[in-house]
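Q: coords please:
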Amino acid sequence: MKTFEVIVHWPNGKYSIVSPGTEWLKIAKEAGVDIPTGCLGGSCGACEIEVNGEIVRACINCVPISCKKELKVEFSNDPYW
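A: The predicted model follows:
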């Protein structure tokens, strides 16, 4: 099985080159991006990011295995936070 890497573009202009399955919070920290967290269990939504237009809870998700070779991350805006 062939492994590949994904380029993640961050809101701060930096990028990361990672393997699918890598934790979002880990690679964000390495890129100097602070993703807020609350419960660290996926229920509060404080860690929501937008990845290529889809909302992802960074504390419980990883870079998907079947994804594009480049991902653009933006911060999700939740009107209730």
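
Q: can you pull out the strands in the protein?
A: Along the chain, counting by DSSP state E, strands occupy 6-9, 15-18, 48-51, 54-57, 70-75.

Q: is the nearest residue to Glu70 once chain neighbours are set aside bridged to anything, and to what?
A: Once flanking residues are discounted, Glu70 sits nearest to Ile7: 4.7 Å by Cβ to Cβ, 6 or more residues apart in numbering. Every C-beta, even on glycine, is put in place using the N, C-alpha and C of the backbone. Beta bridges link Ile7 to Ile17, Glu70, judged by DSSP bridges.

Q: report the central residue of this protein.
A: In the chain, the centroid-proximal residue (Cα atoms, centre = their mean) is Trp24; its distance is 4.2 Å.

Q: contacting residues around the closest residue to it other than its chain neighbours?
A: Spatial nearest neighbour of Trp24, excluding adjacent residues (Cβ to Cβ, 6+ apart): Ala58 at 3.8 Å. By Cβ atoms under 8 Å, 6 or more residues apart in numbering, the residues touching Ala58 are Trp24, Leu25, Ala28, Ile35, Thr37, Cys47, Glu48, Ile49.

Q: and which of those residues is nearest Asn12?
A: Closest approach between those and Asn12, by Cβ to Cβ: Ala28, at 9.8 Å.

Q: so the closest one sits right up against Trp10, yeah?
A: Yes. If you go by Cβ atoms under 8 Å, Ala28 and Trp10 touch, sitting 7.2 Å apart.

Q: what residues are shared contacts of the two?
A: Joint contacts of Ala28 and Trp10 (Cβ under 8 Å, 6+ apart) are Val73.

Q: so where's the chain shaky on pLDDT?
A: Across the chain, the ranges flagged by pLDDT under 70 are 1-3, 66-67, 77-81.
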